[in-house]
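Engineer: Just a sequence and a predicted model for now, questions to come.
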Amino acid sequence: MKQHEINCQDHWLHIKYNGEDRDDGCANELSIYRIPGDPELQLLLSNIDLTNRSHDNTFALTREDARALVAYLQDWLDRE
């Protein structure tokens, strides 16, 4: 796996990062899934530990959450 991969297909966005130094140096993946007709986005954050075991956490974003996130990220991008 490359150090950083982004893949978008159908209703999924996958962002994979291998060797994240701020954590434990193991692979991390953020997946966002849009279910057609569902008012929330589903987020899945996976971290592979040193024994190659996956630890998954889920979270849902509402449209209001997404708008706040977009504003936050745009502000961050504008400061670069």
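Structural biologist: Everything's here; your move.
Engineer: For the spatially most central residue of the chain, give the beta-bridge partners.
Structural biologist: For the chain, the residue sitting closest to the mean C-alpha position, by C-alpha atoms, centre = their mean, is residue 30 at 2.6 Å. Residue 30 forms beta bridges with residue 15, residue 45, as assigned by DSSP bridges.
Engineer: show me the contacts for it.
Structural biologist: When the contact criterion is C-beta atoms under 8 Å, 6 or more residues apart in numbering, the partners of residue 30 are 14-15, 43-46. No exception for glycine: its C-beta is placed from N, CA and C like everyone else's.
Engineer: so can I have CSV of those residues showing neighbour count?
Structural biologist: As requested, the contacts of residue 30 are arranged in CSV below (neighbours: other C-beta atoms under 10 Å):
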residue, neighbour count
14, 16
15, 15
43, 16
44, 15
45, 15
46, 15
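Engineer: where does residue 55 fall, phi/psi-wise?
Structural biologist: Dihedral pair for residue 55: phi -120, psi 120, per degrees, to the nearest 10.
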